[in-house]
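In: The following block contains a protein sequence and its predicted model.
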Amino acid sequence: GAVVSQHPSWVICKSGTSVKIECRSLDFQATTMFWYRQFPKQSLMLMATSNEGSKATYEQGVEKDKFLINHASLTLSTLTVTSAHPEDSSFYICSAIPLGRGTEAFFGQGTRLTVV
Amino acid sequence: RKEVEQDPGPFNVPEGATVAFNCTYSNSASQSFFWYRQDCRKEPKLLMSVYSSGNEDGRFTAQLNRASQYISLLIRDSKLSDSATYLCVVNTKGSGYALNFGKGTSLLVTP
């Protein structure tokens, strides 16, 4: 299989602060990683596609200045929630598809963010 | 209209029962189809891909009808450990392998 490690698994922060979430592929490389968000009893919704060495592609309605994505290497993408507010509280999860190994996506363990 | 729609659930079934989940997708350009399983507060895990010819993996059978844009998952001889949320997932051409998720159908298998 392929392992994606996401850190932290949960975080509580105060309104107005920023939170960085890391997504690492441990045993494969990926030029593209995906960031999803899941609110309670809702489906996972794609937020953005993270491209190694270039700008991320954001889905409609997702503020790129609020959700900063950096994909500096083939094994690491980060999502920073800037100036977090309680409505940003959600389950954030990343996924990646190993280069040259088909189309199965592997997911990180997810990060549960609570903004108080 | 949501791109991927599933039975709302929840499904409560006794151990040993057979249960079927349905899913429809709206984008006819969709290329790849999957069923994922998600346990509470955990990441989704791939259960099986879905092929046009239909495919089976042990107690699980998946079917795809491209003409109707319909996908199904059949679970036979349900086990307690099958209790989870089952997500219908579609990949659409041009999306760069980003996955579109259905809302999920909750299954509870009881003793």
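Out: Cool, the structure landed. Numbers count the residues shown, from 1 in each chain, chains lettered A, B, ... in the order given.

In: in its sheet, what does the lowest-mean-pLDDT helix or strand in chain B sit against?
Out: Every helix and strand of chain B was ranked by mean pLDDT, DSSP states H and E. The lowest is strand B:99-101, at a mean of 88. Partners of strand B:99-101 in the sheet, by DSSP bridges, are strand B:84-92 (antiparallel).

In: Residue 76 - how many residues pack around it?
Out: Looking at chain A here, since you left the chain open. When neighbours are defined as other Cβ atoms under 10 Å in any protein chain shown, A:L76 has 17 of them. From N, CA and C alone the C-beta is placed, and that goes for glycine too.

In: sorry, should have said chain B
Out: Neighbours around B:R76, by other Cβ under 10 Å: 14.

In: Hmm, B:A20 and it touching each other?
Out: No: with contact defined as Cβ atoms under 8 Å, B:R76 does not count as touching B:A20 (9.8 Å).

In: quick one: contacts for the nearest residue to A:V4 once chain neighbours are set aside?
Out: The shortest distance from A:V4 to any non-neighbouring residue, by Cβ to Cβ, 6 or more residues apart in numbering or on different chains, is to A:G108 (4.4 Å). In this structure, A:G108 makes contact with A:V4, A:S5, A:Q6, A:C23, A:I93, A:C94, A:S95, B:E43, judged by Cβ atoms under 8 Å, 6 or more residues apart in numbering or on different chains.

In: Show me what from chain A comes close to chain B.
Out: Residues of chain A found near chain B, taking Cβ under 8 Å from any Cβ of the partner chain as the criterion, are A:6, A:32, A:34, A:36, A:41-46, A:49, A:57, A:91, A:93, A:95, A:97, A:103-105, A:107-110, A:112.

In: Perfect, I'm done here.
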